[in-house]
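Peer 1: Kindly return the folded structure for what I paste below:
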Amino acid sequence: MEPNQQELYEYARKRVKQKKRVYFHFILFFVGSIFLYIINKWLNVNPEQDWYLWAITAWAFLFIMHFIKVFVTESFINKKWEQEQIDKLVARQERRISQLEKKLEKDSENTQTETDNTTTPTE
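Peer 2: Below you'll find the model as predicted:
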C-alpha cells in the first residue's frame, strides 16, 4: 500500500471504531436505563424517590456529548479540515518569511548604499 492509501485506511478504520463505540454506548445506555428503573421500582431500592431519573439523565447527557463528538465535531473537524489548516499556516509562514527576506535585502541595499556614499569623497 502507498503511504497515502495507508493513511486514508487508518483514518477510515479510526472513524469506524469511533462509530462502533457510539453504537455500543447507546445499547449500554438503553439496557442500563432499564436496569436502573428495575432496581428503583421493582426491587424497591429507595422507591419513594425516583433517583433512577437523575442517573439516566446524567448518563443521557454523557451519551449526547459522545454522539456530538463523533458525529458532529469529527465530521467538520476531520482529516481534510486539518490538512487545510496546516496548508494555510504554512502559506502564511512562507509569506512572512518572504516579506522578511525582502526587508532584509532592502536594508542591506540601503546599508551598502550608505557605505558607498561615506567612502566616496564629495567635492
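Peer 1: Quick check: the most centrally placed residue in the chain vs residue 56, distance?
Peer 2: Per C-alpha atoms, centre = their mean, the C-alpha nearest to the average position across the chain is that of residue 77, at 5.6 Å. Using C-beta to C-beta, to the nearest Å, residue 77 is found at 30 Å from residue 56. C-betas here are computed from N, CA, C, even on glycine.
Peer 1: lowest confidence element among the helices and strands of this protein?
Peer 2: helix 74-76 (a mean of 81; mean pLDDT, DSSP states H and E).
Peer 1: and that one, how far out from the chain's middle?
Peer 2: Chain-centre distance of helix 74-76: 9 Å, with C-alpha atoms, centre = their mean, to the nearest Å.
Peer 1: who does that helix touch, helix- and strand-wise?
Peer 2: For helix 74-76, there is no helix or strand it packs on, judged by 3 or more C-beta pairs under 8 Å, 6 or more residues apart in numbering; DSSP states H and E.
Peer 1: sorry, back to before: got the phi/psi numbers for the residue nearest to the centre of the chain?
Peer 2: Backbone torsions of residue 77, given as degrees, to the nearest 10, read phi -100, psi 70.
Peer 1: so where is this structure shaky, pLDDT-wise?
Peer 2: Across the chain, the ranges flagged by pLDDT under 70 are 118-123.
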